[in-house]
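Visitor: Sequence unavailable; structure follows:
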Ligand code: GLC
């Protein structure tokens, strides 16, 4: 089958998405927490970077037990972030800047303060009782199953004294799980999507989507006992829900892209969430997010993507950092590796997601003692974005979390225009990905390479005028120089600083990544 041409590639395939974690992005009112007016004022940074879409982590009304992933009104903005008018202006500003807008959609649970849960817990006979998952205690009075919650070693069930039953919460007790088996739940949540779609939103990142359609009333398989139930494989039930979600949202006046946080560690299962083009548009490749910086492991990641995704219709989705895991600059250990990782990420077939601050090379902040706020221990990767090298790094007041190490030196203002900086490295790579569609939509083949090196070819059968039909990528995962036989072609991008580009046929330097045009 021929490789796709570049015409009519939907934005969620051809583009790069940038995740904004609003609390830590930009603060307009000096309360130390980022907000929507602040975010709108900084969208120029995304435009200059060269991304195509922006995903905002939740800014809905929330008691903030899980910093916005515990929602008590899906159709309003938390006053901490602004109001609906500010959300409308943010969406409009993004669109005017040429950016598509993706919002977080949290279907699996609400806040325990959501009026729906208030009704549900009020009595066994309440009409909204079955919107959530209520079960009698086990014969010994304990939780109905052995499921564990995330963020600590405790059961995923809490006994509610009012009615003497347990309710399910895969995350905090403040995040009771909705029961999608109830048709009114699905209908209410689709109404939420319609509400935001009508306000111009182009897509939704769907939180822990594999848990919508849970296999209830079973214990954890013996070999997995103790791991949180939110990362268990909840079986095929989810696919019915996703097919319904897709067909309902496809009928919206502007059908949104559905992007799933598919937190499963089995690569084959990740692909299943795309169905036959009738479920999610994109499913995050979570195994790759957790892969170490190792050529053999990444070779495996890429080989399995080639095997598992249809070469024409199948479309992977790659991410190295987000607001839930230590940043890859921290995980991989050095700035040089983070530079090479940017080349790896932005030359993959599939849609790359960037997490705010990775383009600055930020490491995790060290958050200790009374500054720790997240029950899941994720504060380090959520440190505020340093905009300039003033004492507050462009924040009008002390932000809710400390800055990452070297924040002033790594700030947007300090890195802009410095060709050696991480920021300019990302800008160059994103420009290249835009001018050479072979890097976004071309096909991929892995080539032989010495240990420690990953080498692959991207190609397009019908490149648009002037663009390359083929590019080759080499990534040295080691901090030693490596000779790679038969390397030839013109250097078009990579970790080398402009003016220091390696000559043809030259071996790879330590931690070097290189993109070559074999046309010479
Ligand atoms: C997802 C979010 C995470 C949140 C959890 C519960 O994994 O990314 O931040 O805590 O879901 O909603």
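Guide: Yes, it's here. Because the structure is a prediction, the values reported are computed rather than measured. Numbers count the residues shown, from 1 in each chain.
Visitor: Where in this structure is the helix or strand with the lowest mean pLDDT?
Guide: Every helix and strand in the chain was compared by mean pLDDT, DSSP states H and E; the lowest is helix 267-272, with a mean of 93.
Visitor: list the helices and strands the helix ranked longest in the chain packs on?
Guide: Longest helix in the chain by number of residues (criterion: DSSP state H): helix 183-198. Counting contacts by 3 or more CB pairs under 8 Å, 6 or more residues apart in numbering; DSSP states H and E, helix 183-198 is packed against strand 73-77, strand 100-105, helix 237-250. Using the backbone N, CA and C atoms, a C-beta is placed for each residue, glycine as well.
Visitor: do the helix or strand just after the least confident helix or strand of the chain and the ligand meet at all?
Guide: Using DSSP states H and E, the helix or strand that follows helix 267-272 in sequence is strand 282-283. No: applying CB under 6 Å from any ligand atom, one finds strand 282-283 out of contact with the ligand, separated by at least 13.9 Å.
Visitor: Adjacent strands (with direction) for strand 282-283?
Guide: Partners of strand 282-283 in the sheet, by DSSP bridges, are strand 257-260 (parallel).
Visitor: wait, doesn't residue 402 sit right on residue 383?
Guide: Yes: counting by CB atoms under 8 Å, residue 402 touches residue 383, with 6.4 Å between them.
Visitor: tell me the contacts of the closest residue to the ligand within the chain?
Guide: Nearest residue of the chain to the ligand (CB to the nearest ligand atom) works out as residue 69 at 3.4 Å. Listed by CB atoms under 8 Å, 6 or more residues apart in numbering, the contact set of residue 69 reads 58, 62, 104, 106, 171, 175, 207.
Visitor: Report the separation between the closest residue in space to residue 218 that isn't next to it in sequence and residue 491.
Guide: Spatially, and ignoring its direct neighbours in sequence, residue 218 is nearest to residue 145 (6.6 Å; CB to CB, 6 or more residues apart in numbering). Per CB to CB, to the nearest Å, residue 145 is found 57 Å from residue 491.
Visitor: got it, and residue 482?
Guide: In terms of CB to CB, residue 482 sits 17 Å off from residue 491.
Visitor: Looking only at neighbour counts, state which of those two leads.
Guide: residue 482 (19 against 15; other CB atoms under 10 Å).
Visitor: can you list the domains in the protein?
Guide: According to automatic domain parsing, the chain comprises the domains 11-110+184-431, 115-168, 443-517.
Visitor: which one of the ones you listed is the most hemmed in?
Guide: Across the domains of the chain, averaging neighbours per residue (mean count of other CB atoms under 10 Å) puts domain 11-110+184-431 on top, at a mean of 19.
Visitor: end-to-end on it?
Guide: Terminal residues of domain 11-110+184-431 are spaced 16 Å apart (CA to CA, to the nearest Å).
Visitor: do stretch 403-417 as well
Guide: 22 Å.
Visitor: distance between that stretch and the chain's centre?
Guide: 23 Å (CA atoms, centre = their mean, to the nearest Å).
Visitor: residues in the stretch 51-200 of the chain within reach of the ligand, list them.
Guide: Going by CB under 6 Å from any ligand atom, the residues of the stretch 51-200 of the chain near the ligand are 66, 69, 106, 171.
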